[in-house]
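Student: Take a look and give me a structure for this.
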Amino acid sequence: MESDDLPSRVTPGSRGFVFATTGEKYTTLARRAARTLRGVMPRCNIDLFTDRAVEDDVFDQIHRLDHNWFRPKMQAIRESRFERTVVMDADLVVVADISEVFQVLDHCDIAGVEGVTRQELFIPQDPTVPRCVPPINSGFLAVRASPQLHAFAQAWEDDVRSSESKADQPAFRRMICHSDLKFLPLGTEYNTIWLDRLDIWPAGHGAPRVLHVQELHKRPPGDPRAPFSLEEALGKERAAHVENLLATDWSLGGDSSTALRLPIAVLRESRRLIGSKLRGKRPRISAPELNVRGFSSGLRSLLGLVDKQPGNPAQNKPIQNKPRRGKQGDGNKTAWPYWSAVLALASLRSRLRICIVGANDGKSGDPIFPLIERHLTNKTDVLLFEPQPYLIPHLSENYAFHPSHHIVNAAIGPDIDLVLHAVRQEAWDRLSPGYAEHWQNYRAPTGVTSTERDLVVNWVRKHAPDESDPEALVVELRVPCSRLLDALERLGRISEIDVLQVDTEGFDDEVIYACDLDRTRPAIIYFEERHLPEDRRTRLRQYLETNYRLISVRKDVLAIRQNEENCSGQAHDVK
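Tutor: Numbers count the residues shown, from 1 in each chain. As a prediction, this is how the structure comes out:
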């Protein structure tokens, strides 16, 4: 292309990276991502397009966006001052020099990496575009300036705006398929978004160059003047593996003959050692062992759990599970035995019917939400019961991704209505306990709504010590209530469920009794017992132990049905 064809703002022969963000959070992430990039390419040009008033010397130039829109990258492509531009999302972590990406633009107008998802949102049915044309992840695009390229970026923006789509990839895929612009694909290592692949990524595949860490924009953005560390982005084990991959990549000057131990191998070895230590032998698990009859025993082998037999000193010791690294702020507590049980069950059944009683907003602090969202979206039917009406919009929003969910604004219990005690809505902003620092203001106070008034009052007293009358901040709610079988019948559902999760702040035992386990037959029950008095806790355990194996997981309990043939004899003398 002749330099006369370039817009006047473009410097012929220039190369640079561009971030484009709106909002304080994404702009902070871009500042951190730029510092990470600067660490591996100290002499590169980096510009920022943003709607924020920002001064930061990590950028060579900062350009103010004309308008606030969730996809500012199109404007950044049109108005970049570089002839060759790499446009990057704010959640990218560059771990090696990637200057070779500019060279590929000798042979094309646009270059990018194939996206991994095949959801209909990203490759919708379109008779003009064969399904075999993959989506391109637009979080990392290399472009060469030209009038045609700028017209493409404008048309791309117009298409996304007019469709009001939440994703820009479908329009890009369709338009690049029909465009005269030349597109070339880049290797997956230049936009590694499927981070689970790192666990099985051998040295022979080379090292990833750019990590697309979507978790970064789900957490507090952090210090804008601190680059991302690998451990922050990936966790300790994966970070160490990526460092080893970088050290052994021949194209980066490494020694490719050095053997690498994959994280998946380390995990398997850990399971073997734990099982050997606890059981006195190496745990063995095979596909036939994970049948319905052997479900609980196979799971115990998988987890290396200790049989709870008389005389075993570890029989009542709870499994201590650390929260998943990198989930600060969202409150999700990852209960690995619970996850393992659900995944094992999912491997046996075509679909799982999951019933959650006391769903709250469905996401914050919920132990099964990440598993459903990441792995079981299309393999589950989810029924969510939540009695607090002001939580239903939040619950609907958080489960909008799920194609087969149903929300019921009601309670499960033995009576036709239920009296709950809750924190007054107008007091929510004054109650922000330390454990809920990054939660929305409703989450902590609604999370303690209970049938036990003293429990709620004591919580207010603890977390609002300056309140002169904590009793006045607690109100009474009367909500519709029914047994689970009756609710399922009204909803036109079959009576049996696979997974029952209960979190009702001191009412968990009454909910479980009202679930008629001899009829609903859940294979897995997960509940909270810490708010139950000792006598009720003992009674509930005795009730469940008839047909369930109980495993303490932190302050919760995982119950796994021991033998499907015995389930029809479930005791039902507790009303």
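
Student: Distance of Glu55 relative to Leu29?
Tutor: As judged by Cβ to Cβ, to the nearest Å, Glu55 and Leu29 stand 17 Å apart. The way it works is simple: take the backbone N, C-alpha and C, and place the C-beta from them, glycine included.

Student: With Ile372 instead?
Tutor: On the measure of Cβ to Cβ, Ile372 and Leu29 end up 26 Å apart.

Student: Show me where the stretch 301-450 of the chain dips below the pLDDT cut-off.
Tutor: Applying pLDDT under 70 to the stretch 301-450 of the chain flags the ranges 301-335, 426, 428, 430, 432-447.

Student: how about the strands in it?
Tutor: 352-357, 380-385, 405-408, 411-412, 417-423 (DSSP state E, counting those that start in this stretch).

Student: Can you add distance to Leu491 and mean neighbour count and give these back as TSV?
Tutor: Below are these laid out as TSV (distance: least, Cβ to Cβ, whole Å; neighbours: other Cβ atoms under 10 Å):
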stretch	distance to Leu491	mean neighbour count
strand 352-357	11	24
strand 380-385	8	22
strand 405-408	7	18
strand 411-412	12	27
strand 417-423	18	19
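
Student: So which of those strands is nearest Ile494?
Tutor: strand 352-357 (7.9 Å; Cβ to Cβ).

Student: Please identify the pairing partners of that closest one and their relative orientation?
Tutor: On the basis of DSSP bridges, the sheet neighbours of strand 352-357 come out as strand 380-385 (parallel), strand 499-502 (parallel).

Student: Throw these into TSV and include distance to Gln562, thanks.
Tutor: Formatted as TSV, the strands paired with strand 352-357 follow (distance: least, Cβ to Cβ, whole Å):
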stretch	distance to Gln562
strand 380-385	23
strand 499-502	16
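
Student: So Val86 versus Asn191, what's the distance?
Tutor: 11 Å.

Student: swap that for Phe385, sorry
Tutor: According to Cβ to Cβ, Phe385 stands 40 Å off from Asn191.

Student: now swap in Glu237 and tell me
Tutor: 22 Å.

Student: now Tyr399
Tutor: 29 Å.

Student: One more: Ala30?
Tutor: 16 Å.

Student: helix or strand right after whichever strand in the chain runs longest?
Tutor: In the chain, assigned by DSSP state E, the strand with the most residues is strand 11-21. Scanning forward in sequence from strand 11-21 by DSSP states H and E, the next helix or strand is helix 24-40.

Student: That following helix to strand 11-21, inter-axis angle?
Tutor: Interaxial angle of helix 24-40 relative to strand 11-21 (axes from the mean of the first three to the mean of the last three Cα atoms, to 10 degrees): 130 degrees.

Student: Just the buried residues of the following helix or strand past helix 24-40, please?
Tutor: The helix or strand immediately downstream of helix 24-40 is strand 46-50, counting by DSSP H and E. Neighbour counts over strand 46-50 (16 or more other Cβ atoms under 10 Å) mark 46-50 as buried.

Student: In a markdown table, list those residues along with pLDDT and distance to Arg144.
Tutor: Shown next, in a markdown table, are the buried residues of strand 46-50 (pLDDT from 0 to 100; distance: Cβ to Cβ, whole Å):
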| residue | pLDDT | distance to Arg144 |
| --- | --- | --- |
| Ile46 | 97 | 18 |
| Asp47 | 97 | 16 |
| Leu48 | 97 | 21 |
| Phe49 | 95 | 18 |
| Thr50 | 94 | 24 |
